[in-house]
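Trainee: sequence plus predicted model, see below.
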Amino acid sequence: MGVLKGRWPRAIFYDSKGTLFDWPWTWRQAAHEIVEKYGAPVDGDQFLETWAKYFEAFHRRAAAYRYTPVSDLVQQALMTAFKMHDIEGSPDDVHFMLDLQDQVQLFPETEAALQEQQDLGVKVLIYSDVERKYLDMYVSKFKTFKPDFVGTTDQAGFHKPHPKTYYWVLQQTGLDVRDVLYCAGPTFDCQGAMALDMITAQIRRSGMTRDTFLPGDTPADYEIDDLHGITEIIRRNRFG
């Protein structure tokens, strides 16, 4: 991979939603509450699959044009899901998800793993495609760990996987593409980082819905089951 032991990685560049924090929980909870509200002829999991699919499509489209608040993309996808399942829903029903944001929790190993990585001399960067007020809610769940950098795409003005959004983080932190290991769950997050020649790790959590892997998408350099896998990558490359 063209890196030198003892010098790489200098930082772990993390996605947040579904990687460090259980944001998908809000989708599952909201989908089931919406289906119950309308007595819809579809179960919550089926409605969630449609909603999430259209969110991914709208999100990818926004990345190619201009920044749109993620909450707006969630709402647009929700209205499309209503139409697909013939439900007379309202745009205001997006509150079922947004009202849950302060309840988003860390995955069980997140804080311990990130602290281990920082203790090994690596900076931990947290960057998310969500409005800053929501990411601050998630980060506040840490008990003692303090990330070296926290930022969001609304600050950068570009969605992932647009190249400029990744470069913005590197500019803010004084790091180079070759300094970081990028870690995310969503395939398109990793594809964007790989387009910039970043080394990537894709996390595949047990029980989590897999997002779309399109023809031509390149597999990440590493695939891990949890964040302790990143700690092992650091140990092998810096000290192995």
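Mentor: Perfect, I can see it now.

Trainee: buried residues, stretch 226-240. List them.
Mentor: 226-227, 229-231, 233-234, 237-238 (16 or more other C-beta atoms under 10 Å). Where you see a C-beta, it was placed from the backbone N, CA and C, and this is true even at glycine.

Trainee: from those, which land in strands?
Mentor: With DSSP state E as the criterion, strands contain none of the buried residues of stretch 226-240.

Trainee: how about the helices in the protein?
Mentor: Taking DSSP state H as the test, the helices found in the chain are 24-38, 44-64, 70-84, 95-98, 110-119, 132-139, 153-156, 163-173, 187-195, 228-234.

Trainee: as JSON lines, those helices with distance to T218 and mean pLDDT would be great.
Mentor: Compiled in JSON lines, the helices of the chain are given as follows (distance: least, C-beta to C-beta, whole Å; pLDDT from 0 to 100):
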{"stretch": "helix 24-38", "distance to T218": "24", "mean pLDDT": "96"}
{"stretch": "helix 44-64", "distance to T218": "16", "mean pLDDT": "93"}
{"stretch": "helix 70-84", "distance to T218": "25", "mean pLDDT": "97"}
{"stretch": "helix 95-98", "distance to T218": "31", "mean pLDDT": "96"}
{"stretch": "helix 110-119", "distance to T218": "25", "mean pLDDT": "98"}
{"stretch": "helix 132-139", "distance to T218": "28", "mean pLDDT": "96"}
{"stretch": "helix 153-156", "distance to T218": "22", "mean pLDDT": "94"}
{"stretch": "helix 163-173", "distance to T218": "15", "mean pLDDT": "95"}
{"stretch": "helix 187-195", "distance to T218": "6", "mean pLDDT": "90"}
{"stretch": "helix 228-234", "distance to T218": "18", "mean pLDDT": "97"}
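
Trainee: any idea how far T80 is from the closest residue to Q76 other than its chain neighbours?
Mentor: Nearest non-adjacent residue to Q76, counting by C-beta to C-beta, 6 or more residues apart in numbering: F58, 5.3 Å away. The gap separating F58 from T80 is 8 Å, by C-beta to C-beta, to the nearest Å.

Trainee: again with W51
Mentor: 8 Å.

Trainee: please say which of those two ends up with more neighbours.
Mentor: W51 (24 against 17; other C-beta atoms under 10 Å).

Trainee: can you pull the contacts of that one?
Mentor: When contacts are counted by C-beta atoms under 8 Å, 6 or more residues apart in numbering, W51 touches 27, 31, 77-78, 81.

Trainee: just send those back as CSV, with neighbour count and distance to D176 too.
Mentor: As requested, the contacts of W51 are exported to CSV (neighbours: other C-beta atoms under 10 Å; distance: C-beta to C-beta, whole Å):
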residue, neighbour count, distance to D176
W27, 23, 35
A31, 26, 41
A77, 21, 35
L78, 26, 39
A81, 24, 41
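
Trainee: which single one of those residues is nearest to D92?
Mentor: Nearest to D92 among these is L78, at 10.0 Å by C-beta to C-beta.

Trainee: apart from its chain neighbours, what residue comes closest to A11?
Mentor: Closest to A11 by C-beta to C-beta, 6+ apart is K123, at 3.9 Å.

Trainee: who touches the nearest residue in space to A31 that is not next to it in sequence in this structure?
Mentor: In this structure, A31 finds its nearest non-sequential neighbour in L48, 3.8 Å apart by C-beta to C-beta, 6+ apart. Each residue near L48 by C-beta under 8 Å, 6+ apart is listed here: 27-28, 31-32.

Trainee: determine which two of those residues are furthest apart.
Mentor: Applying C-beta to C-beta across the contacts of L48, the maximum distance is between W27 and H32, 9.7 Å.

Trainee: which of the contacts of L48 sits closest to C190?
Mentor: W27 (20.1 Å).
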